[in-house]
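[1] only geometry, no sequence info:
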């Protein structure tokens with residue numbers, strides 16, 4: 001399973017800078033170990049307010065219990081709270097072989113929540129859904145769509161989460177508006193910046209998803 005984890009760190013007032021540096025160094029070293037084990041797939045920084053210390057992480061684990069153990073093993077956990085979202089398989093998630101080299105630009109996380117206007121014909125929604133898979137495949141070949149998951153929710157109103165790459169916010173918005181299902185969705189976009197401990201390139205996923213197995 002894959003999980004998106006929002007990790008927020010609050011260092012207690014009065015903590016010596018040397019102690020903070022030691023914990024951060026231990027965290028970076030342990031993250032490299034977890035990445036080698038296939039547990040940490042990606043790390044990003046979301047937009048931060050002054051004084052905020054927050055990280056978004058893509059993790060892989062057998063289940064929520066194993067993930068909890070992985071998170072508890074991280075040195076920064078002594079000062080950190082974690083918000084976990086389980087990620088489900090999405091039918092339009094690009095196959096690794098379909099991904100092209102990532103174009104220059106920034107990564108974005110986009111949450112898609114169903115918001116079909118009242119009175120919309122069911123046939124129109126179904127037609128947009130059918131065309132969406134074709135457009136998603138096109139964007140994957142262009143290196144724009146990297147990953148796509150489902151988020152927890154009711155089957156008929158389940159949100160989706162996408163990892164995208166674009167030159168900037170205007171291009172990202174244009175990409176979203178090109179999706180056939182865009183008129184029937186509410187979107188929330190978060191621009192991501194690189195994390196110094198990010199272990200992998202865009203498109204990373206558990207090896208099991210490509211037919212291999214990590215021991």
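    Arrived safely. Please read these numbers as outputs of a predicted model, since none were measured by experiment.

[2] Every contact and neighbour count from this point should use C-alpha atoms.
    OK.

[3] how about residue 18, secondary structure?
    helix (DSSP: H, G, I helix; E, B strand; the rest coil).

[4] Name the spans of this structure whose pLDDT lies under the cut-off.
    97-101, 201-215 (pLDDT under 70).

[5] Now with 90, please.
    47-52, 95-105, 152-158, 194, 199-215 (pLDDT under 90).

[6] Run through the strands of it in chain order.
    2-9, 40-45, 54-60, 80-89, 106-114, 145-150, 160-166, 185-194 (DSSP state E).

[7] Can you give the distance from the second one to the centre of its chain?
    Read that as strand 40-45. 8 Å (C-alpha atoms, centre = their mean, to the nearest Å).

[8] Run me through the strand neighbours of it, direction for each.
    Its sheet considered, strand 40-45 pairs with strand 54-60 (antiparallel), strand 185-194 (antiparallel) by DSSP bridges.

[9] Turn the strands of the chain into TSV, columns for distance to residue 26 and mean neighbour count.
    Formatted as TSV, the strands of the chain follow (distance: least, C-alpha to C-alpha, whole Å; neighbours: other C-alpha atoms under 10 Å):
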stretch	distance to residue 26	mean neighbour count
strand 2-9	15	20
strand 40-45	15	23
strand 54-60	16	22
strand 80-89	14	16
strand 106-114	27	20
strand 145-150	30	23
strand 160-166	28	23
strand 185-194	19	16
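
[10] of those strands, which approaches residue 24 most closely?
    Of all those, strand 2-9 sits nearest to residue 24, with 11.1 Å by C-alpha to C-alpha.

[11] Pull up the pairing partners for the closest one, direction included.
    Partners of strand 2-9, by DSSP bridges, with direction: strand 54-60 (antiparallel), strand 80-89 (antiparallel).

[12] Let me have the ones you listed in a markdown table, adding distance to residue 22 as columns.
    Output for the strands paired with strand 2-9, formatted as a markdown table (distance: least, C-alpha to C-alpha, whole Å):
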| stretch | distance to residue 22 |
| --- | --- |
| strand 54-60 | 18 |
| strand 80-89 | 15 |
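
[13] Not counting sequence-adjacent ones, nearest residue to residue 161?
    residue 111 (4.6 Å; C-alpha to C-alpha, 6 or more residues apart in numbering).

[14] any idea how far the one you found is from residue 53?
    According to C-alpha to C-alpha, to the nearest Å, residue 111 and residue 53 sit 22 Å apart.

[15] swap in residue 25?
    Taking C-alpha to C-alpha, one finds residue 25 at 15 Å from residue 53.

[16] Next: residue 200.
    21 Å.

[17] just residue 168 next, same as before
    23 Å.

[18] Next: residue 21.
    Residue 21 sits 14 Å away from residue 53, going by C-alpha to C-alpha.

[19] And the two? Which one has more around it.
    Ranked by neighbour count (other C-alpha atoms under 10 Å), residue 21 and residue 53 place residue 53 first, with 15 against 11.

[20] and the residue nearest to that one when sequence neighbours are not counted, what does it touch?
    Once flanking residues are discounted, residue 53 sits nearest to residue 9: 5.4 Å by C-alpha to C-alpha, 6+ apart. Residue 9 sits next to 52-54, 76, 79-81 when contact means C-alpha atoms under 8 Å, 6 or more residues apart in numbering.
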